[in-house]
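Undergrad: Build the 3D model from these lines:
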Amino acid sequence: MNLYDEFGALVGTTTTGDNGYYAFTSLQPGMPYSVEFIKPDGSVFTYQMQGDAASDSNADRATGKTPVFTTPTSGNNLATPGQADDPTIDAGLWSKINLVVAKHLATDGPFVQGDEITFYLSPSNEGPMDALAGWSVTEVLPEGLTLVSMSGDDYTCVDVTCTSTVQLAAGATGEPIKVVAEINHKAYGKVHNVAYVAPAPGEIPETNPLDVPGTDTNTSETGTDNDAQDELGLEPPAISLDKIAHLDDFNGNGYADAGETIRYTFKVTNIGGVRLAPVTISDDMLGLDDADCVDSLSVGESAICSTTGSYTVTSDDVEHRRSIDNTATTTGHVPGTPDTVTSTDDETVPVGRKTLPQTGGDIPLWAGVVAPLLLIAGAGLLFVGRRGRKTAGTTK
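TA: Have a look, this model is predicted:
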């Protein structure tokens, strides 16, 4: 402790006893002085000039100095406890508290939009003083999470803050707080979630003062220990396409013939972790280029595209092709980002085949028997004719 005169010159120094008592003697009566209190490490001054003169604290909370006071014009000039001429110049001290919090994601992945997840928050007080009732824990939810509930024993929870109704003793851990949130359609990639613990209003300062974090705060890099974080990763976006062909088979032969029409529809399914909006369809053969499919496709949702297409089989197709082969591509857009995902599918419809024209009719069964006999008879006549001519030639 230091004693200063009216000009700010140091005129005395002393220390308190174990019970906090101090005294300066040989002061000039009726003269202005001020006292500077040097607080011990790990403590803070109480609020200045609160209460009556005998019990209040004169020290400024920031500097430890008292306002200028005037010494009594008469007195005993004694340093004995209880004998000081002005025993009201004093300072109140508080030891600090240090509130910390831990955060734990209790739900296992994989995660997709629409899932509900649970966090647990565990607050504690590193002391050395007990924390007054009214300390609180607050969730700093990112836009990708929507609060479902926040609860815990010995708390009053309103919106994203739970306020304790009991003190938190030095070295103790408070009741856990359960936080349930839904992953909403704005979540994408990594979802970063932060929470912090704060002392009650009017509480003594913390050893490591509160620095309120934001949604993007990396608590592992801040100098405070009253905040905590956890992260979850969503399944990446993905989409599937099912292209469906229907042949208007007028002659019922199961083949695409000239003049018949093939009609195409497209079914898309969101098989990823995030909503897709919009979804489009492209098909070169049908003249479709990012044509409208659906405005929005939630996770796990399937839909038939509003755009369809058709193709009329030509005689050239029948002449030169064995099938009508066609491929389409769907594109899903991740809202609020330039990211897209695609999927392709193809359909094959067989084309009718040309056949050679057929002439004549059925051959009767008797023709199979008579034909060989006619051949034998013809051969016999030929032999006789040849022999007769030879004999005639010999007799001449």
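Undergrad: Quickly list what the closest residue to residue 311 other than its chain neighbours is bridged to.
TA: Counting by CB to CB, 6 or more residues apart in numbering, residue 311 lies nearest to residue 262, which is 4.8 Å off, once chain neighbours are set aside. Backbone N, C-alpha and C define where each C-beta goes, glycine included. Per DSSP bridges, the residues bridged to residue 262 are residue 247, residue 311.
Undergrad: I'd assumed residue 246 was in contact with residue 262.
TA: Yes - at 7.2 Å, residue 262 counts as touching residue 246 under the criterion of CB atoms under 8 Å.
Undergrad: neighbour-wise, which of those two wins?
TA: Between residue 262 and residue 246, counting by other CB atoms under 10 Å, residue 262 is the more crowded of the two (21 against 13).
Undergrad: From residue 128, how far out is the more buried one?
TA: Residue 262 is 82 Å from residue 128, where distance means CB to CB, to the nearest Å.
Undergrad: ok so, going back, hey, what's in contact with both of residue 262 and residue 246?
TA: Contact with both residue 262 and residue 246 is made by no residue, according to CB atoms under 8 Å, 6 or more residues apart in numbering.
Undergrad: any chance you could map the strands in the stretch 251-396 of the chain?
TA: 261-270, 279-283, 288-294, 302-304, 309-312, 323-333, 340-350 (DSSP state E, counting those that start in this stretch).
Undergrad: Could you give me the buried positions within the last one?
TA: Pointing back at strand 340-350 there. Buried residues in strand 340-350, counted by 16 or more other CB atoms under 10 Å: 341, 343, 345, 347, 349.
Undergrad: could the residues you listed go into a markdown table alongside distance to residue 213?
TA: A markdown table is the format used below for the buried residues of strand 340-350 (distance: CB to CB, whole Å):
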| residue | distance to residue 213 |
| --- | --- |
| 341 | 33 |
| 343 | 40 |
| 345 | 47 |
| 347 | 54 |
| 349 | 61 |
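Undergrad: Go through the helix or strand in which residue 230 is found and flag the buried ones.
TA: Assessed by DSSP states H and E, residue 230 sits inside strand 227-233. Under the neighbour-count criterion of 16+ other CB under 10 Å, strand 227-233 has 227-230, 232 buried.
Undergrad: Let me see the contact set for residue 90.
TA: Listed by CB under 8 Å, 6+ apart, the contact partners of residue 90 are 56-58.
Undergrad: and if we set it to 7 Å?
TA: 57-58 (CB atoms under 7 Å, 6 or more residues apart in numbering).
Undergrad: can you check the one 10 residues further on too?
TA: The contact partners of residue 100, taken as CB under 7 Å, 6+ apart, are 124, 126, 197, 225-226.
Undergrad: Pairing partners for the helix or strand harbouring it, with directions?
TA: Using DSSP H and E, residue 100 sits within strand 99-105. Applying DSSP bridges, strand 99-105 is found paired with strand 116-125 (antiparallel).
Undergrad: The protein: helices as residue ranges?
TA: 315-320, 365-395 (DSSP state H).
Undergrad: any idea which of these scores lowest on pLDDT?
TA: Confidence, taken as mean pLDDT, is least for helix 365-395 of these (a mean of 41).
Undergrad: What's the local residue count around the residue nearest to residue 244 when sequence neighbours are not counted?
TA: Spatially, and ignoring its direct neighbours in sequence, residue 244 is nearest to residue 265 (4.8 Å; CB to CB, 6+ apart). Counted by other CB under 10 Å, the residues lying close to residue 265 total 14.
Undergrad: do residue 276 as well
TA: When neighbours are counted by other CB under 10 Å, residue 276 comes out with 27.
Undergrad: And for the one 3 residues further on?
TA: Counted with other CB under 10 Å, residues neighbouring residue 279 total 24.
Undergrad: Name the nearest residue to it, ignoring sequence neighbours.
TA: Closest residue to residue 279 apart from its sequence neighbours, by CB to CB, 6+ apart: residue 293 at 4.4 Å.
Undergrad: Kindly report the same for residue 35.
TA: Nearest residue to residue 35 in three dimensions, chain neighbours excluded: residue 66, at 4.8 Å (CB to CB, 6+ apart).
Undergrad: how near is the one you found to residue 1?
TA: To residue 1, residue 66 is 10 Å away according to CB to CB.
Undergrad: what do you get for residue 131?
TA: Residue 131 sits 29 Å away from residue 1, going by CB to CB.
Undergrad: And for residue 300?
TA: For residue 300, the distance to residue 1 - CB to CB - is 72 Å.
Undergrad: between the two, which one's more packed in?
TA: Using other CB under 10 Å, the more surrounded residue of residue 300 and residue 1 is residue 1, with 17 against 13.
Undergrad: contacting residues around the more buried one?
TA: Taking CB under 7 Å, 6+ apart as the test, what residue 1 contacts is 13-16, 22, 35-38.
Undergrad: how does it look with 10 Å?
TA: 12-16, 22-24, 35-38, 59, 64, 91 (CB atoms under 10 Å, 6 or more residues apart in numbering).
Undergrad: Report the buried residues of stretch 206-221.
TA: For stretch 206-221, the neighbour count (16+ other CB under 10 Å) marks 206-207, 210, 213, 217, 219 as buried.
Undergrad: give me the number of residues near the closest residue to residue 49 other than its chain neighbours?
TA: In space, and not counting its chain neighbours, residue 49 is closest to residue 56: 5.3 Å by CB to CB, 6+ apart. Residues within reach of residue 56, counting by other CB under 10 Å, total 17.
Undergrad: which ones are touching residue 56?
TA: 46-50, 88, 90-92.
Undergrad: again, 8 Å this time
TA: Taking CB under 8 Å, 6+ apart, one finds 48-50, 90, 92 in contact with residue 56.
Undergrad: Which of those residues fall in strands?
TA: Counting by DSSP state E, the contacts of residue 56 place none of their members in strands.
Undergrad: Filter these down to just the buried residues.
TA: 48, 90, 92.
Undergrad: my guess is residue 30 meets residue 85, correct?
TA: No - the pair residue 30 and residue 85 does not pass the contact test of CB under 8 Å, sitting 11.6 Å apart.
Undergrad: quick one: common contacting residues for these two?
TA: Residues touching both residue 30 and residue 85 by CB under 8 Å, 6+ apart: 71-72.
Undergrad: I'd like the buried residues of strand 227-233 as CSV, with distance to residue 150 and pLDDT appended.
TA: Shown next, in CSV, are the buried residues of strand 227-233 (distance: CB to CB, whole Å; pLDDT from 0 to 100):
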residue, distance to residue 150, pLDDT
227, 17, 96
228, 15, 97
229, 17, 96
230, 15, 96
232, 17, 95
